[in-house]
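K.L.:
Got a predicted structure plus its sequence, pasted below:
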Amino acid sequence: MSAFRILPPGLLLAALAAGHAQAAPAAAAPAARCPADAGWDTPSAPHHIHGETWFVGTCGITALLLTSPEGHVLLDGGTARGAALIEANIRALGFDLRDVRYIAGSHEHFDHAAGIAALQKASGATVVARAPAAEVLRTGRSGRGDPQYGVLEAFDPLPGEVRLIGDGQVLELGPLRLTAHATPGHTSGSTSWTWRSCEGQSCVDIAYADSLTAISDDQWRFGDEDAHPGYLAAFRRSLDAVAGLPCDILVTPHPSASDLLARIGPGADKPLAAPGACRAYADTARERLDRRLAEEEAGAR
C-alpha cells in the first residue's frame, strides 16, 4: 500500500486549522427520525458515528466529516441543494467548513457530487478523486461509459484542479489515514474508503463502501462485452474487494442501503457495528447483478 501524502497548504493555515479544530464540538440537538418518505434533500440532524467520524448528510444522502487537529476531511457533497444542508450540519456540530482541507467522494453522480463545487468554494479545500471520477467532476457531466448516462443530470463543474488518488493509496491529514479502494461497477470512478477510528482504547475499522447497484438507462447492458469490454469483470472484482474490506462499521452513500440512520443518533435501535456487514452488503449486490444479467439475457432472447 503506497502513501498518498497531501500536506496542509502552509504553516499559517495549519496553525489556524489546529486552532479551530481543537475546540470541542457542541452537542447536536436530538433529532426526530427521518420520515419513511424522505427524499435526497430532506434535512437530517448531524450525528456522531465513532471517534472522529460524524454524519453530516441528509435523510437520503450520506456525507461524512472526519475531524482532526490539523483540519478535516469531508466525504461526499450531496446534491446541489444538499450542499447547504451539509454546511449547516457541520456548523451545528461546532465545526467550521473553512477547516475542511480535503473533499473526497464515493462516485460521480449528481446526487453525491453536485454539491462539491459549492462546498469546495466555501471551504477552499482540495478535491481528491480517482481519475474516472475526476474527469466528471471537472466537466460536470458523465460520458457514455456510465451505465446511467441517459438519465443523469449535469452539475456545476469544479473550477480548480482535482488531485488524483489511486487504488490502495492513502490520504493523510494529521492523524487521519483514509485508504482509497477502486470499486468500479455502479460507475467507473466508484471509490470506497476505509479508516481506523478510535475512541480512547476502543478502535474500530470503518468502511465507506460505495454503491454496488447494477442499474442503468435503457441502453446499457452489463453483459455486453463488445460494447463495454472488461466492465463486468471489473464489477465482479469490486464485489470481492468490498466483501474483504476491514469493516466493523459499514456506511453507504445512501443511508437506507445500510440502515445507517437506525444505527446512529438518539433514536438508534440497531447495533452500530455488525460482523460481516461488508460481506453481506457485497453478497446482496452480487445477487442483484446476477438477476440483472439474467434479465438482459432473457430480453435478448
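P.N.:
Arrived safely, thanks for sending.
K.L.:
got any ranges where the stretch 1-150 of the chain has weak pLDDT?
P.N.:
1-32 (pLDDT under 70).
K.L.:
residue ranges of the strands in it, please?
P.N.:
For the stretch 1-150 of the chain, strands defined by DSSP state E, counting those that start in this stretch occupy the ranges 3-5, 47-50, 53-55, 64-66, 72-75, 100-104, 126-129.
K.L.:
what about the residue nearest in space to the middle of the chain, distance to Ala129?
P.N.:
By Cα atoms, centre = their mean, the chain has its centre lying nearest to Ser106, at 3.6 Å. Noted for Ser106: a distance of 10 Å to Ala129, by Cβ to Cβ, to the nearest Å. Placement of C-beta: from N, CA and C, glycine included.
K.L.:
Need the residues touching each of these two.
P.N.:
Residues within reach of Ser106 and of Ala129 at once, by Cβ atoms under 8 Å, 6 or more residues apart in numbering, are Thr191.
K.L.:
how deep is Pro147 tucked in, by neighbour count?
P.N.:
Neighbourhood size, Pro147 [other Cβ atoms under 10 Å]: 25.
K.L.:
Hmm, I typed the wrong one, I wanted Thr126.
P.N.:
Counted with other Cβ under 10 Å, Thr126 comes out at 19.
K.L.:
Residue ranges in the stretch 201-301 of the chain under the pLDDT threshold?
P.N.:
301.
K.L.:
can we see that at 80?
P.N.:
Counting by pLDDT under 80, the stretch 201-301 of the chain contains low-confidence ranges at 300-301.
K.L.:
residue boundaries of the helices in it?
P.N.:
Assigned by DSSP state H, counting those that start in this stretch, the stretch 201-301 of the chain shows helices spanning 231-243, 277-300.
K.L.:
Give me whichever of those helices is most buried.
P.N.:
Comparing those by mean neighbour count (mean count of other Cβ atoms under 10 Å), helix 231-243 ranks first with a mean of 18.
K.L.:
tilt between it and helix 277-300?
P.N.:
160 degrees (axes from the mean of the first three to the mean of the last three Cα atoms, to 10 degrees).
K.L.:
Quick one: residues in contact with helix 231-243.
P.N.:
Counting by Cβ under 8 Å, 6+ apart, 181-185, 190, 192, 207, 209-210, 212, 214, 222-223, 225, 278-279, 281-283, 285-286, 289, 293 sit against helix 231-243.
K.L.:
Before I go, just wanted to say thanks for your time.
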